[in-house]
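> Pasting a predicted model and its sequence here:
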Amino acid sequence: MVKTSFHIGLNSDQVKDVSVAIIPGDPGRVPKIAQYLENAEPLANHREYNSMKGQYQGQTVLVISTGIGGPSAAICVEELAMLGIRRFLRVGTTGAIQDHIEPGDIIVPTAAVRMDGASTHIAPLAFPAVADFTMVQAIREALGEKQVKHHVGICASSDTFYQGQSRGDSFKKGFVHQEMARRFEEMKQLNVLSFEMECATVFTQCAAYGLAAAAVLGVLVNRNRGEFPSEAVIKATEDKVIQAALATIPKLK
Ligand code: URA
């Protein structure tokens, strides 16, 4: 029987042969990834969920945006899992908080600090938001072969881009309540590499469901040196992280 989905606008028939779902946050990034697939076809475009499908080196790949943040990412992964998808590769951007990481670098998170809310609806906070080990290995193999500079470690996922990431350039210029400011400093001391907004939800969900998820994150900014990336850095980093994700596909066993 063909299964349908509530939000993402796909059915099980359309994704039955998919080996991996590439999940950027941004709907606009979907065609930018799909342009490298053979026989790429648009599938659906509903709310924040834009999807296309095609072949990459013999594997059928679904590219679908999750929207920004844990709640919309959780819906996307939940419905894809119900339709039969078992492997998820997030392609995203991130803000580094360690001095040695430069804009344009790639981060491969092994786990995420659960500063989101959505993952707490899926598993208690004691449960780790951990990436799939074999997928992380596949990403590292791909990046190693291409000699792409990358950092492997823990990222933090926040529900908010401004307050939760202790940004000084928000509406209330520099005001972040004490708990958020303290956490940001604590994350730096605890060797967390960067902030982003979806990994904790997706990693918790997939680990708890027995599915596989990992991520490649392009660094847009080093938060210790600035708040805002240049257009050139955004474009170059986006291209680089897309290529990193594609290079990983043939390495997935
Ligand atoms: N995405 C985030 O969530 N934070 C950043 O600083 C950059 C990208």
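Yes, it's here. Residues are numbered from 1 along each chain as shown.
> Looks like residue 127 contacts residue 205 (just checking).
No - if you go by CB atoms under 8 Å, residue 127 and residue 205 don't touch, sitting 10.4 Å apart. Yep, even glycine has a C-beta here, placed from its N, CA and C like the rest.
> quick one: contacts for residue 200?
70, 112, 113, 114, 115, 116, 119, 129, 156, 157 (CB atoms under 8 Å, 6 or more residues apart in numbering).
> Between those residues, which sits nearest the ligand?
Nearest to the ligand among the contacts of residue 200: residue 157, at 8.2 Å, using CB to the nearest ligand atom.
> Give me the neighbour count for the residue nearest to residue 74 when sequence neighbours are not counted.
Spatial nearest neighbour of residue 74, chain neighbours left out: residue 118 (4.6 Å); criterion: CB to CB, 6 or more residues apart in numbering. Other residues near residue 118 come to 22 when the count uses other CB atoms under 10 Å.
> So residue 118 versus residue 42, what's the distance?
Residue 118 sits 27 Å away from residue 42 when distances are taken as CB to CB, to the nearest Å.
> hmm, back to that, of residue 127 and residue 205, who's got more company?
residue 205 (25 against 14).
> How about the contacts made by the more buried one?
Contacts for residue 205 (CB under 8 Å, 6+ apart) come out as 74, 77, 78, 119, 122, 211, 213.
> Then residue 10?
Contacts of residue 10 by CB under 8 Å, 6+ apart are 4, 43, 44, 51, 64, 79, 80, 83.
> tell me which element the residue in the stretch 1-150 of the chain positioned nearest to the ligand falls in.
Distances between the stretch 1-150 of the chain and the ligand by CB to the nearest ligand atom are smallest at residue 95, namely 2.1 Å. In this structure, residue 95 is located in strand 87-96 according to DSSP states H and E.
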